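Trainee: Task: produce atomic coordinates for the following.
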Amino acid sequence: MSENVTPKLVATRGKFARQSWVIERTPLVIGREADCDIILNEPKISRQHVRLTQTAEGRFQVEDLESTNGTWVNGVPLKGVRLLEDGDELDLARMVTMVFVASEITEPLTPEEIQESQRLRLDRNSRRVFIGDREIVPPLSVPQYRLLELLFDANGGICTREDVISAVWPNDSSEGISEQAIDALVRRLRDRISEYAPDHQYIVTVRGHGFRLEQG
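Mentor: Residues are numbered from 1 along each chain as shown. The predicted model follows:
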């Protein structure tokens, strides 16, 4: 455990997300009862759900207090007593997820920080594209960039297939651009972006209408 860092629990999922509790003393009981050290007023949480204690060496450990709906550590059901490592994830009753933080490095990102790290940006002068602070390289092709710029400027609004044709192929007749050509371009652009943000779909197809950009 890092020096000068007071361990804490940070809720990352559930109705208590973004709340944190400094572990100032042990034993520390988490549950629904009013006399618990950390009170989680959630029906599926047991009155006394889990307890944190410390070993003689000062390491933290957790045990389930025969809770009705169970506890998991890093996805594994908690049986008996288990030592906690920095960054371990506690899941109580599949309703509340907490991270055990014992160093500054492990501090979970806030939803705002996560959103900013996934935000798509354009540098119009150089036609460079960024996801957070990471640049998409090699650069997008001209048609891919034109499509992305169209969607970006719409600011979440829907761009029709006619809009796409006008922006991407301004010198071509719309009759000469097939549905398959548009869909293939959208698919290639999605593939390029997904290399940098595989868990978020930036380009959303609105069936019967067109496409829109959904920021991270």
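Trainee: By average pLDDT, which secondary structure element in the chain comes out worst?
Mentor: helix 111-117 (a mean of 51; mean pLDDT, DSSP states H and E).
Trainee: The following helix or strand past that helix pairs with which strands?
Mentor: Per DSSP states H and E, the first helix or strand lying C-terminal to helix 111-117 is strand 120-123. Applying DSSP bridges, strand 120-123 is found paired with strand 128-131 (antiparallel).
Trainee: So which bits of the partner strand are buried?
Mentor: For strand 128-131, a neighbour-count test (16 or more other Cβ atoms under 10 Å) marks Val129, Ile131 as buried. Quick note: C-beta positions are derived from backbone N, CA and C, even for glycine.
Trainee: On the three-state scheme, Ile193 is what?
Mentor: helix (DSSP: H, G, I helix; E, B strand; the rest coil).
Trainee: Please disregard the earlier target; I meant Arg82.
Mentor: strand.
Trainee: Quickly list the domain ranges of the protein.
Mentor: Taking automatic domain parsing as the criterion, the chain consists of the domains 8-107, 112-213.
Trainee: The ones you listed: lowest mean pLDDT?
Mentor: When the domains of the chain are compared on mean pLDDT, domain 112-213 scores lowest, with a mean of 88.
Trainee: how much distance is there from that domain to the middle of the chain?
Mentor: 22 Å (Cα atoms, centre = their mean, to the nearest Å).
Trainee: can you offset everything so residue one is 26?
Mentor: Happy to do that; since the first residue is 26 now, the last one works out to domain 137-238.
Trainee: residues near Arg215, how many?
Mentor: Using other Cβ atoms under 10 Å, Arg215 has 15 neighbouring residues.
Trainee: Test my guess that it contacts Gln226.
Mentor: Yes. Counting by Cβ atoms under 8 Å, Gln226 is a contact partner of Arg215 at 7.4 Å.
Trainee: for the protein, what spans make up the helices?
Mentor: Here the chain has its helices, by DSSP state H, at 136-142, 167-178, 186-193, 204-219.
Trainee: what's the longest one in contact with?
Mentor: For helix 204-219, the external contacting residues (Cβ atoms under 8 Å, 6 or more residues apart in numbering) are 145, 156, 161, 165-166, 168-169, 172-173, 186, 189-190, 193, 226-228, 230, 236.
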